[in-house]
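Participant: any chance you could fold what I've pasted below:
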Amino acid sequence: MAPTAQLPELNIGLYALGTVAIAVTAITLSYVLPFLSDPKGVRAYPGPWLAKFSCLCLARTTYKGDAQTSVMELHQKYGLHNRPFRISPNEVSICDPEALQTIYAHSLEALQSPMYDAFAPFGTARSVFTTISREDHARKRKIMSHTPSAKSLAEFASVIYEYDRAFVQH
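Facilitator: Numbers count the residues shown, from 1 in each chain. Got it, this is the predicted structure:
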């Protein structure tokens, strides 16, 4: 009778440990590689340390329901009122009045970031600010076109200031 080959005993614990090690390595690389490759050139911008590697900083504030306030507080914390700063590995936040015309130009081909989903309450209709679709945005802008433009409001600010000052003095 021919000898039979014996199969080695399977060590399930070793395989489970190997699977966990591979999963941890894959997850770690999914955060580290985008940071190292920096495809959008975002690495040069300052911001929270965690924002270099993960969206967890923004996700946490969004979950709590105060994303807008938290982003403004980060602008104040970093003293970057007129400079962009990083809010995730691939996103920056800009709070510069002079950049408004460039960012919100009608002819701009760039789409809004999915980050604007954080500003849209779940289950409600999108506003002109939170919609990402170019077609929806154009339709909503047309509806609102009768409202004063940012330029006319800025020009009118001095008149409002004068009336405000007169009101406070009396």
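Participant: what secondary structure does residue 99 sit in?
Facilitator: helix (DSSP: H, G, I helix; E, B strand; the rest coil).
Participant: give the contact list for it.
Facilitator: For residue 99, the contact set (C-beta atoms under 8 Å, 6 or more residues apart in numbering) is empty. Heads up, the C-betas are built off the backbone N, CA and C, glycines and all.
Participant: what pLDDT does it get?
Facilitator: The predicted structure scores residue 99 at 78 on the pLDDT scale.
Participant: what does residue 102 give?
Facilitator: Residue 102 is assigned a pLDDT of 76 by the prediction.
Participant: ok, and what's touching stretch 31-39?
Facilitator: Residues outside stretch 31-39 that contact it (C-beta under 8 Å, 6+ apart): 43, 52-54, 89-90.
Participant: alpha carbons of the lowest-mean-pLDDT helix or strand in the chain, as CSV, please.
Facilitator: The least trusted helix or strand in the chain, going by mean pLDDT, DSSP states H and E, turns out to be helix 100-103, with a mean of 75. Output of helix 100-103 as CSV, limited to C-alpha atoms (Å, rounded to 0.1, in the frame of the first residue of the first chain):
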residue,chain,number,x,y,z
LEU,A,100,-16.1,85.1,-4.1
GLN,A,101,-16.2,86.4,-7.6
THR,A,102,-13.7,83.8,-8.8
ILE,A,103,-15.2,80.9,-6.9
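Participant: ok, the closest residue to residue 85 other than its chain neighbours - contacts?
Facilitator: Excluding the flanking residues, the one nearest residue 85 by C-beta to C-beta, 6 or more residues apart in numbering is residue 47, at 4.4 Å. By C-beta under 8 Å, 6+ apart, residue 47 lies in contact with 74, 78, 85-87, 92.
Participant: residue 78 too?
Facilitator: By C-beta under 8 Å, 6+ apart, the contact list for residue 78 reads 46-47, 85.
Participant: for it, give me the pLDDT.
Facilitator: 71.
Participant: for residue 37, see how far away it is.
Facilitator: Distance, residue 78 to residue 37, by C-beta to C-beta, to the nearest Å: 24 Å.
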